[in-house]
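>>> structure of the sequence below:
(4 chains)
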2 protein chains.
Amino acid sequence: MFKELNPLLHSELRLAVMSILLSVESADFVFLREQTGATAGNLSVQIDKLQKAGYISVNKSFKGKMPCTTCAITETGIKAFEEYVSALKEYIKHDL
Amino acid sequence: MFKELNPLLHSELRLAVMSILLSVESADFVFLREQTGATAGNLSVQIDKLQKAGYISVNKSFKGKMPCTTCAITETGIKAFEEYVSALKEYIKHDL
DNA sequence: AAAATTTGGTTTATAAAATAAACTACTTTA
DNA sequence: TAAAGTAGTTTATTTTATAAACCAAATTTT
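This next block holds a predicted model:
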């Protein structure tokens, strides 16, 4: 009856990051931190998990002299997100 | 931007239980275990949490000679569920 | 220019959560 | 009456989320 909710996406912060990355070409660390309100430490950990799962790509470069970590969602990530939403709908269909 | 996802509801099993209880008058322990596929131990713990939060009411009785734990959603629970879904929609609006 | 502060993170430690395994008390079946 | 099943609870373990502490480089202050 209930499909599994991908545990990697069923996390408030990771879901927020994925949600943002779905709507932009790419976003840097500071932008994600501001938009989500997360601490840098937490964000760093969660970005790492998403990257290791292949859901986002992470690029470290420099903007002027300051380091800049840029994230973008991957095809795999988009697919996983869509499947997560599809599963989730089963749980919340009463209120859709 | 992103509203908090009520951590009590943002759990696969508790969400499944709430989802079921939204659609029925009441449901007993065994029914919930079967429908969710959860282990009895896990279900017991999660039911307890939902009850302590006032999201469900729990009634322990006997069906014949066998014990029977019956759960029903409360008004508080319905409201919390609706708020959770409303917050969640922000995260997944891309795919709705 | 040296010291203090800020920026952009990462690593490590702690708190909280999910889950399973072990257990209890009773019932049914062989 | 012994073995197995039912309906759960309690306890222990693993996993996860989160924050605190840290680091290196850049910037600002004195």
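
>>> for the most centrally placed residue in chain A, which non-adjacent residue is closest in space?
In chain A, the C-alpha nearest the mean C-alpha coordinate belongs to residue A:18, at 2.6 Å (CA atoms, centre = their mean). Using CB to CB, 6 or more residues apart in numbering or on different chains and skipping the chain neighbours, the partner closest in space to residue A:18 is residue A:81 (5.4 Å). Yep, even glycine has a C-beta here, placed from its N, CA and C like the rest.

>>> one step back: before we move on, which element is the residue nearest to the centre of chain A in?
helix A:12-23 (DSSP states H and E).

>>> then residue A:92?
Going by DSSP H and E, residue A:92 is in helix A:75-92.

>>> helices or strands up against that helix?
helix A:12-23, helix B:12-23, helix B:75-92 (3 or more CB pairs under 8 Å, 6 or more residues apart in numbering or on different chains; DSSP states H and E).

>>> quick check: buried residues in it?
A:77, A:78, A:80, A:81, A:83, A:84, A:85, A:87, A:88, A:91, A:92 (16 or more other CB atoms under 10 Å in any protein chain shown).

>>> and what of stretch A:59-75?
So, applying 16+ other CB under 10 Å, buried residues of stretch A:59-75: A:69, A:70, A:71, A:73, A:74.

>>> is chain B within reach of the one helix or strand residue A:48 maps to?
Per DSSP H and E, residue A:48 falls inside helix A:40-52. No: contact of helix A:40-52 with chain B (CB under 8 Å from any CB of the partner chain) is absent, the minimum separation being 13.1 Å.

>>> after that helix, which helix or strand is next?
According to DSSP H and E, the helix or strand after helix A:40-52 is strand A:56-63.
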